[in-house]
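1. my questions concern the predicted model and sequence given below.
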Amino acid sequence: VFYGIKNRLICSGIWQVLIPFGSDGEYAVSVIAVDMAGNTSGRVQSPSFIIDTAAPRIDIAGIRNNTAYAGNVGSHIIYSDDYANMNEARYTLTGARHGVLKNIKWVRQQQGDNLVLDMPDLAHTPDNDDVYTLVVTLTDYAGNTTTKTVVFSVNRFGSTYIFTKDMQNIRGKYLKTAPLVEITEINVSDLKPETESVRIVHDNTVVNFTGKQLDTTHAKESGWSKTTYRLSRSHFTSDGYYRILVRSIDDAGNLSQNSMAKKGIDRKSTATVQFAVDTTDPYISAMNIASDSVYYGFTKKVVIHASDNVKLSKAVVEIDNRPYCSYTGESLARDNSTVLLPADSSPHKVTVKAWDAAGNMYLNTYSNITVAKDYWDYITHNQWMLLLLIVGSAFAVVLTAMVAVLLRRRRKEYIYKRNPFMYIK
């Protein structure tokens, strides 16, 4: 009841009274007017009404803003307002990559004037790792609105790794030149400072990079962190096998390394980075033949030897510029191989070629190789032996002639000594 309320004259015979309502609540106004002569009007009763200047209250428990979770994730929401229709309470959970989640089975309970809403734990599957935004809103009957927003991440499975097209062409390959390595780590949360490291394993040596030694860039994409590691070509100038190991710990406490299983961006494939650098040509030779040579026999066994400092891929033998046979690198690595040249008394060109796994090629050529099946062919196709035969034959003829002359002279001398007067009986 308000007494002594000041009024004011608006115009002749019309008065206005301002009634102060100092607090929220439910009211009804009953008015009686008394004039200066003591005349009293009838009572005028207004309908009841509510004054509500307070915004609804929303309390969220179980999750906090800008927090990463590696375990259970659930929220407990309480809507409070004395003058609100709780059926109008609104709530949405949106994933940065999933969009609005419509299949969550929220649990609603009315407790007096309050509404209690519980969000169940998200299933523990890699697909549910994401950055989520929870928006909770309630508008009361007076139009007062309260909205609360919580951004959090579910990060149970740690980082994944993605590669550029150029990097995809490097992984598991043999390379002629040193590559530029770039690996991007994707994580729902941020990575903890000073936990990032990169190791380069080269054959039996290991080089570790941490902190300021790392060439990294950091970015955000739909709330997810992107960390790109770059390794210059200067780290891969020596021939050999390389393996790159990227390691980190995120804000949710997950330890990640690209060598772990299912660390590809699809959570199914691997994210290992392994390759070999081979700038050196392979070597191949035919061990027991030489150019401009003649060999005797029904066949000539040619031993093929090939090697490489990293990995031999294949070898090919050509005779007279035509493919004759080929070998795999594995077979040549186990043992030398042989080729049989036929004895046809014709000169041949033998070419041996080898390729390594990086595509480097080396060849050796042996020209004018002849295999003779009899001694006459062997001699006639062997210039020095033919020359030796001719010289030897000429020498034999001359020697024979000399011996004959000497024998004839000796015979005459013998006859003379026996019959010095040449007496004929």
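-> Now that the structure is in, tell me what you want to look at.

2. ok now stretch 121-136, how far from the chain's centre?
-> Mean-position distance between stretch 121-136 and its chain equals 26 Å (Cα atoms, centre = their mean, to the nearest Å).

3. residues in contact with that stretch?
-> For stretch 121-136, the external contacting residues (Cβ atoms under 8 Å, 6 or more residues apart in numbering) are 58, 60, 63, 72-75, 77, 79, 89-98, 117, 119, 147-157, 188, 222-224, 262, 267. Placement of C-beta: from N, CA and C, glycine included.

4. just the ones of those residues in helices?
-> When DSSP state H is applied, these are split such that none fall in helices.

5. which of these are buried?
-> 58, 60, 63, 73, 75, 77, 79, 89, 91, 93, 95-96, 117, 119, 148, 150-157, 188, 223-224 (16 or more other Cβ atoms under 10 Å).

6. hey, where'd the helices end up in the stretch 301-425 of the chain?
-> For the stretch 301-425 of the chain, the helices defined by DSSP state H, counting those that start in this stretch cover 329-334, 375-380, 383-418.

7. worst mean pLDDT among those helices?
-> Among the helices of the stretch 301-425 of the chain, helix 375-380 has the lowest mean pLDDT, at a mean of 58.

8. circling back: from the contacts of stretch 121-136, which land in strands?
-> 58, 60, 75, 77, 79, 90-95, 117, 119, 147-154, 224 (DSSP state E).

9. for Asn87, phi and psi?
-> Dihedral angles of Asn87 (phi, psi; degrees, to the nearest 10) stand at phi -70, psi -20.

10. I'd like to know how many residues surround it.
-> Using other Cβ atoms under 10 Å, the number of residues around Asn87 comes to 8.

11. what do you get for Pro47?
-> Pro47 has 6 nearby residues by other Cβ under 10 Å.

12. touching, it and Ala28? I think so.
-> Yes. Pro47 is within contact range of Ala28, at 7.1 Å (criterion: Cβ atoms under 8 Å).

13. where are the low-confidence patches of this structure?
-> Scanning the chain for pLDDT under 70 picks out the ranges 1-10, 12, 374-394, 411-425.

14. just give the closest residue to Val116, not the sequence neighbours.
-> Leaving aside its sequence neighbours, Val116 sits nearest to Gln109 (Cβ to Cβ, 6 or more residues apart in numbering; 4.4 Å).

15. which SSE is that neighbour in?
-> Using DSSP states H and E, the element containing Gln109 is strand 107-111.

16. cool, and Asp166?
-> Going by DSSP H and E, Asp166 is in helix 165-168.

17. tell me the helix or strand right after that helix.
-> With elements assigned by DSSP H and E, the helix or strand that comes after helix 165-168 is strand 174-175.

18. who does that following strand pair up with?
-> strand 273-277 (parallel) (DSSP bridges).

19. mind checking how far the partner strand is from the chain centre?
-> 11 Å.

20. list the buried residues for it?
-> For strand 273-277, by 16+ other Cβ under 10 Å, it's 273, 275-277.

21. now stretch 140-149
-> 140, 142, 144, 146, 148.

22. how about JSON lines for the residues you listed, with distance to Leu255 added?
-> Formatted as JSON lines, the buried residues of stretch 140-149 follow (distance: Cβ to Cβ, whole Å):
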{"residue": "Asp140", "distance to Leu255": "48"}
{"residue": "Ala142", "distance to Leu255": "52"}
{"residue": "Asn144", "distance to Leu255": "47"}
{"residue": "Thr146", "distance to Leu255": "40"}
{"residue": "Lys148", "distance to Leu255": "33"}
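
23. which pair in those residues spans the largest distance?
-> Ala142 and Lys148 (18.9 Å; Cβ to Cβ).

24. phi, psi for the residue nearest to Phe298 when sequence neighbours are not counted please.
-> Using Cβ to Cβ, 6+ apart and skipping residues adjacent in sequence, the residue nearest Phe298 is Ala343, 5.1 Å away. Torsion angles at Ala343 (phi, psi; degrees, to the nearest 10) stand at phi -90, psi 90.

25. what's opposite the closest residue to Asn114 other than its chain neighbours in the beta bridge?
-> In this structure, Asn114 finds its nearest non-sequential neighbour in Ser80, 5.0 Å apart by Cβ to Cβ, 6+ apart. Here Ser80 sits in beta bridges with Arg57, going by DSSP bridges.
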